[in-house]
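> sequence and predicted structure are below.
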Amino acid sequence: MRGLVFVFLCCLLLWLNACRNASVEDEPYAWDHAINFNWRFAKGDHPEAIEPGFDDSSWERVDLPHDWAISGPFDSLRADGKTGKLPWRGEGW
């Protein structure tokens, strides 16, 4: 009986060690570049903005996350009878 318990404990320790090694990473994943800062934004259609040399210096400078609807007027008189909201529909670059 002692031999069976010993073999069971050895197998259990080997299994626990394998589980620990499989779930632990040496280093957490880290981004090499931050992409949340120094973006440009303009509301409306700007088909020329796809060009590499496009001048966007007059566009608003924003950081992500960005909600362009917050700068619009609040619509409290909606025709569909729902509660008011910010103007979230439209196109932006």
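Yes, it's here.
> what segments of this structure are helices?
Here the chain has its helices, by DSSP state H, at 2-23.
> show me where it has strands.
39-41, 60-62 (DSSP state E).
> redo these as TSV? Include mean neighbour count, distance to Leu12 and mean pLDDT.
To be clear about C-beta, it is placed using only N, CA and C from the backbone, and glycine gets the same treatment. Converted to TSV, those look like this (neighbours: other Cβ atoms under 10 Å; distance: least, Cβ to Cβ, whole Å; pLDDT from 0 to 100):
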stretch	mean neighbour count	distance to Leu12	mean pLDDT
strand 39-41	14	54	89
strand 60-62	13	56	89
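> closest one to Gly92 among those?
Comparison of those against Gly92 by Cβ to Cβ identifies strand 39-41 as nearest, at 6.2 Å.
> where does this structure have low pLDDT?
Regions of the chain meeting the criterion pLDDT under 70 cover residues 20-31, 72, 75-89, 93.
> one more pass at 80, please.
1-2, 10, 12, 16-33, 66-93 (pLDDT under 80).
> pull the contacting residues for Glu91.
Taking Cβ atoms under 8 Å, 6 or more residues apart in numbering, we find Glu91 in contact with Lys43, Gly44, Asp45.
> how much space between the second one and Leu12?
Spelled out, it's Gly44. Here Gly44 is placed at a distance of 66 Å from Leu12 (Cβ to Cβ, to the nearest Å).
> distance to Val7 added to the strands of the chain, as a markdown table?
Below are these laid out as a markdown table (distance: least, Cβ to Cβ, whole Å):
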| stretch | distance to Val7 |
| --- | --- |
| strand 39-41 | 62 |
| strand 60-62 | 64 |
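> and these: which comes nearest Gly53?
strand 39-41 (14.2 Å).
> which elements pack onto that closest one?
strand 60-62 (3 or more Cβ pairs under 8 Å, 6 or more residues apart in numbering; DSSP states H and E).
> Ala69: which of the contacts of Glu91 is nearest?
Lys43 (9.6 Å).
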